[in-house]
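> Compute the structure for the input listed below.
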Amino acid sequence: MKVTDSNVIRFHLQVLYGITARSFEKKRERLFIGGAKIFGVPLESLARQYIAEFGLVPCFLVDACSFLLERAGTVGLFRKPGSLPRIKTLRAKLNRGEGCLSTAVSYDVATLIKQFCRELPEPLFPSELHAALLKAQALPNLEDRTAALQLLSCLLPARNSSCLHYLFDFLSKVSQRSAENLMIGSNLATVFAPCLLPSLNKAEMSEERLELRVRVLSTFIENPHLFGNKLLSLS
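Prediction:
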């Protein structure tokens, strides 16, 4: 049976894996924020471009990731911080709509991507899904873990799904250059956990739960094709 309906997906998550996926809270309508600003802006207010494999992806993310793909062998990419003065200048130019990435330093652009994800008004993985994602990752069987995480990814709003799928595909390509950059999938997941799956309270900051967050992201980085696949066969 092919499944695309969120209620059916939630039913299977509960029956097959004992995972309850909370429904997303209805958000208050936000006014569209015009202009070129990039950081701290809701996804729906950002300039986006359509990419066949992923959908609508923020233009900044496409430009920044494309820039870094050509420099993916850079040692410590995403782990080593960029220069704060240079990053401040880049942010100001980007928020004015100026094209400035072509001459930037790789570490600075990598830091900007992390800041972009971290400063979104709502996390790319909505808080309603965090507990379910961690419970899925804690399942003892690898096949069950993978299937449950894939089902949960299908519950995301389309704009979040497109952005995350594109980002995980990019990070997967970076990890494939780990012999040069020393950034395997788990290293990248560790760096991005606070940006994509931030701890919402002190109870969520235990070592075990932090490790689960990293492992969730590692799964998607190592298997980006699993993310957001809307046609799932469930028996």
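
> Distance check, Leu61 against Leu101.
Counting by Cβ to Cβ, to the nearest Å, the separation of Leu61 from Leu101 is 11 Å. (Glycine included, C-beta is placed from N, CA and C.)

> hang on, Gly50 in a helix?
No, residue 50 isn't Gly; it's Tyr. No: read with DSSP: H, G, I helix; E, B strand; the rest coil, Tyr50 is strand and lies in no helix.

> pLDDT averaged over stretch 160-173 - what is it?
Mean pLDDT, stretch 160-173: 97.

> Low-confidence ranges, this structure, go.
1-4, 25-35, 201-205, 228-235 (pLDDT under 70).

> Next, the buried residues of the longest helix anywhere in it.
Looking across the chain with DSSP state H, the single longest helix is helix 158-175. Across helix 158-175, burial judged by 16 or more other Cβ atoms under 10 Å covers 159-172, 174-175.

> Secondary structure class of Ile19, three-state.
Taking three-state DSSP as the rule, one finds Ile19 in the coil state.

> if I pick the residue nearest the centre of the chain, what's in contact with it?
Nearest to the mean C-alpha position of the chain, by Cα atoms, centre = their mean, lies Leu164 at 3.9 Å. Contacts for Leu164 (Cβ atoms under 8 Å, 6 or more residues apart in numbering) come out as Leu124, Phe125, Ser153, Leu156, Leu196, Phe220, Phe227, Gly228.

> Taking the residues you listed, tell me the two that lie furthest apart.
Farthest-apart pair in the contacts of Leu164 is Leu196 and Gly228; separation 14.1 Å (Cβ to Cβ).

> and Leu200, how many neighbours does it have?
A count of nearby residues for Leu200, using other Cβ atoms under 10 Å, gives 12.

> repeat for Ser106
For Ser106, the number of neighbouring residues by other Cβ under 10 Å comes to 21.

> Can you name the residues that contact it?
Contacts of Ser106 by Cβ under 8 Å, 6+ apart are Phe67, Leu68, Arg71, Thr74, Leu77.

> Contact partners for the second one?
The one in question is Leu68. Contacts for Leu68 (Cβ under 8 Å, 6+ apart) come out as Thr74, Leu77, Ser106, Val109, Ala110, Ile113, Phe170, Val174.

> ditto for Leu196
By Cβ under 8 Å, 6+ apart, the contact set of Leu196 is Cys117, Pro123, Leu124, Phe125, Leu164, Leu217.

> which one of the residues you listed is nearest Ile51?
Closest approach between those and Ile51, by Cβ to Cβ: Leu164, at 13.2 Å.

> separation between the closest one and Gln115?
Counting by Cβ to Cβ, the separation of Leu164 from Gln115 is 17 Å.

> cool, Gln49 as well?
Shown here: Gln49 relative to Gln115, a distance of 21 Å by Cβ to Cβ.

> Also Glu53?
Distance, Glu53 to Gln115, using Cβ to Cβ: 25 Å.

> More neighbours: the two, which one.
Shown here are Glu53 and Gln115; by other Cβ under 10 Å, Gln115 has more neighbours (17 against 10).

> the strands in the chain, which residues?
2-3, 48-51, 55-58, 232-233 (DSSP state E).
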